[in-house]
Structure formats: structure tokens, C-alpha cells
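Trainee: Here's a sequence, model it:
(one chain, ligands or ions: 2)
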Amino acid sequence: MSMSNSEKSTSTPSDFIRTIIAEDLKANKNDGRVHTRFPPEPNGYLHIGHAKSICLNFGIAAENKGGICNLRFDDTNPSKEEVEYVESIKSDVRWLGFDWGDRLFYASDYFEQFYQYAVQLIKKGRAYVCSLSADKIREYRGTLTEPGKESPYRIRSIEENLDLFERMRAGEFEDGSHVLRAKIDMASGNLNMRDPVIYRVLRAEHHRTGNKWCIYPMYDFAHCISDSIEGITHSICTLEFEDHRLLYDWFLDELAVDCHPRQIEFARLNLSYTVMSKRKLLELVKEGHVTGWDDPRMPTLSGMRRCGYTPESIRNFCERIGVAKSNSMVDIALLYHCIREDLNKRAQRVMAVLRPLRVVIDNYPEDQVEELDAENNPEDPGMGSRKVPFSRVLYIEQEDFREDAPKKFFRLAPGREVRLKHAYYITCVDVIKDEQTGEVIELHCTYDPETRGGWSKDGRRVKGTLHWVSVAHSLEAEVRLYDHLFVKANPADGKEGSDFKSYLNPNSLETLTSCRVEPSLAGAAPGSRCQFLRHGYFCVDSVDSSEERLVFNRTVSLRDSWAKIEKKGQT
Ligand code: ATP
Ligand code: MG
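Mentor: Ligands and ions are numbered 1, 2, ... in the order given. Next up, the predicted model:
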């Protein structure tokens, strides 16, 4: 795959899937080919669970000499699929760092082949047209403990089946009047083998084939044949398809196919405090619980991109979670860890005051402005430095001042001295309050001119370092603070009577509109990322931010040691 070398992870992960593939190669199966695919159904946007599958399939192809990976749209269900989804999926896969080259496929391109394969099954006496209603088919299917009942239409002759199936295609029958079913075993312990439906009559316009077809193949039939048509060697899928493998093997054994892929199942990604099913995500979008598929709170790749996630951090996350054979829940804190780790290395540090409190430095000359040196990233000296203007009137964070400060509050309080980052030591000498409300509206401080750059020559130490901006030079900005979308770790646990939406976090978005950021952020490009010192990592919103109105999304917070102390009641 054409991921550039510099982006490529140095360690090659190992897991049971890679072990199976290595063994197949050793046994010279498939003439030494490794051919995987990522087969999304275009009925929604990709989420982080899909990223796991993308990294796995494209990753395995890249790791093996001559390995290739297809992007195939499993677009056999016209009623739920849209072009918008196809386009978003392509751009998300590309953004994640993978390239399918000229191997872009659509299952809908195989409609004629699927049809011919179905005819083959009929001719072998392995499929029949059934005219039971959908309800009856369900009823006849039986349960896990009871065998199913054979359809009275099971005994139709091959000739009759061929004729009816052709007429189904020709549009002679109403939707739902007939289906084509595989003739397997109504008593099978595996319900998928109880004469599954493989074709239905459905008058729906398809986003690629228009109204050419009024019969559509079912997923199970189309999926395994698509893999075979494309010469896939290893069909990697999630655990819920384990029970379908028997059926896929049956189809491919009955049909005269050249390629019979080996299916390997792995556990899907579940992430705490979010949901991972496109159906549920669509519900959130449609009902307006989020602003769209790309809402930064969504676990979609477009949401995460808008939130400020880097493709590298997501790939790294997928590598760390690995692949396993049993379902589990990954702590979302690991995802946060991965993005922090990545942005720590590359994000420019800037100062932004989210809830401003005015500070006047009484002994600082009124008209003076100093351009102070500020390093861009202490983790990477190569990122250089910038100038930050300092003047007599500043903003600091409201929460960085307390009138009755406990002992361990190392920030500003009456009579206490703190460091202003990159600037000077200041001491609070007076507190101005609103006469009516008693709210603190302005602080008066003095600064020590001998501490320029934030270091005292006499070795005097202060414990607190605050960020700040100059009132006259700072820019106004809107800042959106995001929290978990759900208050419950597993909102979709499926427990009786529990609707996942009842666990939506009412405080998942806090919008702050009077924030002030340092002037270096003027004209910041949409999507660009930075660290607001002491707050977290932020990115310029790619939809709502403009030259006139800066809007930032919080990607992830920094860990707050003060909050921890306060929680433990150690003040
Ligand atoms: P959803 O349940 O979210 O609708 P899906 O499986 O129906 O997902 P597809 O478009 O069919 O969505 O998925 C494309 C590929 O991505 C499949 O191979 C599927 O197994 C894989 N995939 C989907 N969800 C996850 C997940 N949570 N973890 C890992 N792989 C996943
Ligand atoms: Mg699916």
C-alpha cells in the first residue's frame, strides 16, 4: 500500500490473523498471494470500528510482498444506500492514509454474475422459488431449539424455478411475492442453513444501476461471491459472521468458482461511552442529537477529523488495541491517550484564555508593549519560537484566581506571587468586585521587572505558572468543549427496556463564546491544530471558523492535576 515510509510504523504487529496468513504463505496456498479487501456497505459514514478493519486489511496487504487490498462497496441493498456515503467513505479511507490504487469495486457491478450464479444453483436443484409470505418464511424457519419446516414450494421443478426466476427479473411479480431460496437443510442446527433467501423482488432505484434491476441479491449470497470474483485470499470479517461461514462455504462449493477465500473472524471494536453501529449513529443524526455525521462528538472518522484527530493517532490506536477472537470493550481513555501522545510531539503551544478575568499591572508603563519570546513546543526545539505581546492590561483565567485560596492552590490569590508564562512574576495587590454581585471583575497586580522571561535572577521560586493574553492584542474566539457523547460506558448494552439515547450526555458540548486567544492565531487555517497551554489540544473548526470568527474544537484535554487534588479533598 502506498503509505509513505516515514508514516509507516516501525514495529510490525502480530496476531492470530497474521499468523494464519503467514502459515498459508508458508504452505504456498493461493500461489503465495495475499489479497484482502475492505467491504463497507454505503449506508452511513465510517466510524472508528471501521478504521480497525481498514488498518487490518490494508495493513496486512502492505506487510506482505505483493499484497493488495481492494476497496469494495457492498452496495446490494438499494433502499438504504446513498452516493453521499460512497464519497465520504472514499475520502475517509484516503484520509486515514490508505490507497486502494485502481482497485475500487462495487458489488453492484456483479449483479449479472450473481444472477447467473443463482441460475446455476437452480439448475443444480440447489435453489427454488418460494412463494410463501415473509411472515410464513419466518414462521417455517424454526428456532434454535426446534427444526424448521420445509416450504411447500421446495418441490418445484427446475424448469418451473428457472421460468419463475426469469420472470421475477423481468418484473412480472409484485415486491415480496416470490423469493429465491437456497435448498439446503431446514433441520440444520445453524439457522443460516435453513433455506436462506438469496434473491427478493424489490422495486427500488439503485444509486449505480438505476432501475435496471427489480430483484436484488441478499447480503450473504452477494458478499461471499464478490470476494470470490475478486480473488480475495483472506476474507477478514467480524465475529457475528462466524455462523455465516458455513453458508458461504456451501455457496462457493456448490458453484463453479475458481477462488474460495478463507474467512477469518475477529472481534469488532467496542469503545466505551459511545455507540458503534451505523443504524444508531444515523438515528442520532436524523433526530438532531448531534449536528451531523461529522459532529466532533461522533465516533465517525469525519467527526474525529473535525475534532482534531490525526490519522496517525487513529492508526496507532488501532495497532495498540490489536485483534482478538473474543468481544470486549476498549476504554475510550486509550484513544485520548493516543491523540495526546501524537499532538504532544507536533502541536504548537499557544496561550488562550477561555474564561477571561482582567488583570492590570499597576507598575507596568501604560504605553509599553513588549514582544516576548515564546517557544513553540518544548518537546521539539526545531519548531522554534514566536513573539507574544505583553502589555499593562491582561486577561488570565478566572479559575486561576481565588480570593480565599487553600494552601495547595498554587495560583493567584491576594498577596501571592505567580509566574506569567514567558513573561514576568506578578503579585496580586488588589481585588475589584462588582458592587452588586460581589463577583471579582478585575485584579490589580505588580510585576517584577527583574523576572523577564519568567525567571527570577535571585533564585526566588514560585509554584504557579499561568497563561495569559494581552487584552489589546488578543483575538476573540469561540471554543467548543466536548465531553463523552454518553454518560454510560456501554449505552447500547441492549438490556430490556433501555434505549441507548436515554444515556446521551446532556453536557457533551459546552460552548464558550468570549474566549481570548493570542494574536499568533490570526488567520489560523481550518483544521489546524495547537495546544492551548494548560487546557488541551484544539483545532480550528473546519466548518464554522472564519477569518472574522475563530472557532476552536477541543480535541482532548490535558490531565488536570488540580482537579485530582480537589477530588481527593486534599485542599
Ligand atoms: P455497523 O454495525 O456499524 O453498521 P457494519 O458491519 O454493518 O457496521 P459494514 O459497512 O458492513 O458495517 O462494515 C464494513 C467492514 O467493517 C466489515 O468488514 C465489518 O466487519 C467492519 N466493521 C464494522 N464495524 C466494525 C467494528 N466495530 N470493529 C471492527 N470492524 C468493523
Ligand atoms: Mg454490515
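Trainee: interface residues of the stretch 1-150 of the chain facing ligand 1?
Mentor: When proximity is defined as CB under 6 Å from any ligand atom, the stretch 1-150 of the chain approaches ligand 1 at 39-41, 49-50, 52-53. All C-beta atoms are positioned from the backbone trio N, CA, C, and that covers glycine.
Trainee: Please flag which of these sit within helices.
Mentor: The members of these that map onto helices under DSSP state H are 49-50, 52-53.
Trainee: and which of these is nearest ligand 1?
Mentor: G49 (2.2 Å; CB to the nearest ligand atom).
Trainee: Before we move on, what's the pLDDT of the closest one?
Mentor: Note on G49: pLDDT of 98.
Trainee: can you check V469 too?
Mentor: Note for V469: predicted pLDDT of 98.
Trainee: Just the CA atoms of stretch 355-366, as CSV, please.
Mentor: Output of stretch 355-366 as CSV, limited to C-alpha atoms (Å, rounded to 0.1, in the frame of the first residue of the first chain):
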residue,chain,number,x,y,z
ARG,A,355,-13.0,32.5,30.8
PRO,A,356,-11.2,35.8,31.0
LEU,A,357,-10.5,37.8,34.1
ARG,A,358,-9.0,41.3,33.7
VAL,A,359,-5.6,42.0,35.3
VAL,A,360,-4.0,45.4,35.4
ILE,A,361,-0.3,45.5,36.2
ASP,A,362,-0.1,48.8,38.1
ASN,A,363,3.6,49.3,37.8
TYR,A,364,3.9,48.5,34.1
PRO,A,365,4.2,51.5,31.8
GLU,A,366,1.0,52.4,30.2
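Trainee: So the residue in the stretch 401-550 of the chain that ligand 1 sits nearest to: helix, strand or coil?
Mentor: Closest to ligand 1 within the stretch 401-550 of the chain is A492: 10.5 Å, counting by CB to the nearest ligand atom. Three-state call for A492 (DSSP: H, G, I helix; E, B strand; the rest coil): coil.
Trainee: residues contacting it?
Mentor: 275-277, 280, 500 (CB atoms under 8 Å, 6 or more residues apart in numbering).
Trainee: Let's see that with 6 Å instead.
Mentor: A492 makes contact with 275, 500, according to CB atoms under 6 Å, 6 or more residues apart in numbering.
Trainee: Same check on Y110?
Mentor: Y110 touches 226, 229, counting by CB under 6 Å, 6+ apart.
Trainee: where's it relative to V257, distance?
Mentor: 12 Å (CB to CB, to the nearest Å).
Trainee: ok, now S302?
Mentor: Distance from S302 to V257, by CB to CB: 37 Å.
Trainee: between these two, which one's more packed in?
Mentor: S302 (22 against 17; other CB atoms under 10 Å).
Trainee: Go ahead and list the helix or strand containing that one.
Mentor: Taking DSSP states H and E as the criterion, the element that holds S302 is helix 301-307.
Trainee: Just the CA atoms of that helix, as CSV, please.
Mentor: Output of helix 301-307 as CSV, limited to C-alpha atoms (Å, rounded to 0.1, in the frame of the first residue of the first chain):
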residue,chain,number,x,y,z
LEU,A,301,-13.9,9.3,11.1
SER,A,302,-15.3,12.6,9.8
GLY,A,303,-16.3,13.6,13.3
MET,A,304,-12.9,12.7,14.7
ARG,A,305,-11.2,14.5,11.9
ARG,A,306,-13.2,17.6,12.6
CYS,A,307,-12.5,17.2,16.2
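Trainee: Give the buried residues for that helix.
Mentor: 301-307 (16 or more other CB atoms under 10 Å).
Trainee: Give me the contacts around it.
Mentor: 45-46, 92, 293-296, 542, 553, 555.
Trainee: Just the buried ones from the residues you listed, in ChimeraX syntax?
Mentor: Isolation of the buried members of the contacts of helix 301-307 (16+ other CB under 10 Å) is achieved in ChimeraX through the command below:
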select :45,46,92,293,294,295,296,542,553,555
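Trainee: Switch the contacts of helix 301-307 over to CSV; also include pLDDT and secondary structure.
Mentor: Shown next, in CSV, are these (pLDDT from 0 to 100; DSSP: H, G, I helix; E, B strand; the rest coil):
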residue, pLDDT, secondary structure
Y45, 98, coil
L46, 98, coil
D92, 98, helix
W293, 98, coil
D294, 98, coil
D295, 98, coil
P296, 98, coil
S542, 97, coil
N553, 98, strand
T555, 98, strand
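Trainee: and of the contacts of helix 301-307, the nearest to ligand 1?
Mentor: L46 (7.8 Å).
Trainee: List the residues that contact that closest one.
Mentor: 89, 92, 301.
Trainee: What of K457?
Mentor: Contacts of K457 (CB under 6 Å, 6+ apart): E450.
Trainee: Three-state assignment for it, please.
Mentor: coil.
Trainee: Backbone dihedrals for it, please?
Mentor: Main-chain dihedrals, K457, degrees, to the nearest 10: phi -70, psi -30.
Trainee: which helices and strands does the one helix or strand V551 maps to pack with?
Mentor: V551 is part of strand 550-557 when elements are defined by DSSP H and E. In terms of contacts (3 or more CB pairs under 6 Å, 6 or more residues apart in numbering; DSSP states H and E), strand 550-557 is packed against helix 332-346, strand 475-482, strand 536-540.
Trainee: hmm, 7 Å instead?
Mentor: Applying 3 or more CB pairs under 7 Å, 6 or more residues apart in numbering; DSSP states H and E, one finds that strand 550-557 contacts helix 301-307, helix 332-346, strand 475-482, strand 536-540.
Trainee: So for the next helix or strand after the longest one, mean pLDDT?
Mentor: Along the chain past helix 332-346, the next helix or strand (assigned with DSSP H and E) turns out to be strand 348-350. Taken as a whole, strand 348-350 has an average pLDDT of 98.
Trainee: neighbouring strands for strand 348-350, and are they parallel or not?
Mentor: strand 529-532 (parallel) (DSSP bridges).
Trainee: Alpha carbons only: can I get the partner strand in PDB?
Mentor: Output of strand 529-532 as PDB, limited to C-alpha atoms (Å, rounded to 0.1, in the frame of the first residue of the first chain):
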ATOM      1  CA  ARG A 529      -4.100  22.100  15.500                       C
ATOM      2  CA  CYS A 530      -2.500  23.600  18.500                       C
ATOM      3  CA  GLN A 531      -2.200  23.100  22.200                       C
ATOM      4  CA  PHE A 532      -3.800  25.800  24.400                       C
END
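Trainee: Please state the offset of it from the chain centre?
Mentor: Distance of strand 529-532 from its chain centroid, counting by CA atoms, centre = their mean, to the nearest Å, is 20 Å.
Trainee: next one: stretch 390-406
Mentor: 38 Å.
Trainee: Check stretch 307-323 too.
Mentor: Distance, centroid of stretch 307-323 to centroid of chain: 9 Å (CA atoms, centre = their mean).
Trainee: before we move on, which element is the nearest residue to A127 once chain neighbours are set aside in?
Mentor: In space, and not counting its chain neighbours, A127 is closest to L121: 3.8 Å by CB to CB, 6 or more residues apart in numbering. Here L121, judged by DSSP H and E, is contained in helix 111-123.
Trainee: now swap in I137 and tell me
Mentor: helix 134-140.
Trainee: returning to that earlier point: for the following helix or strand past the helix holding L121, name the packing helices and strands.
Mentor: Moving toward the C-terminus from helix 111-123, the next helix or strand (DSSP H and E) is strand 127-130. With contacts defined as 3+ CB pairs under 7 Å, 6+ apart, strand 127-130 has these neighbours: helix 158-169, strand 179-182.
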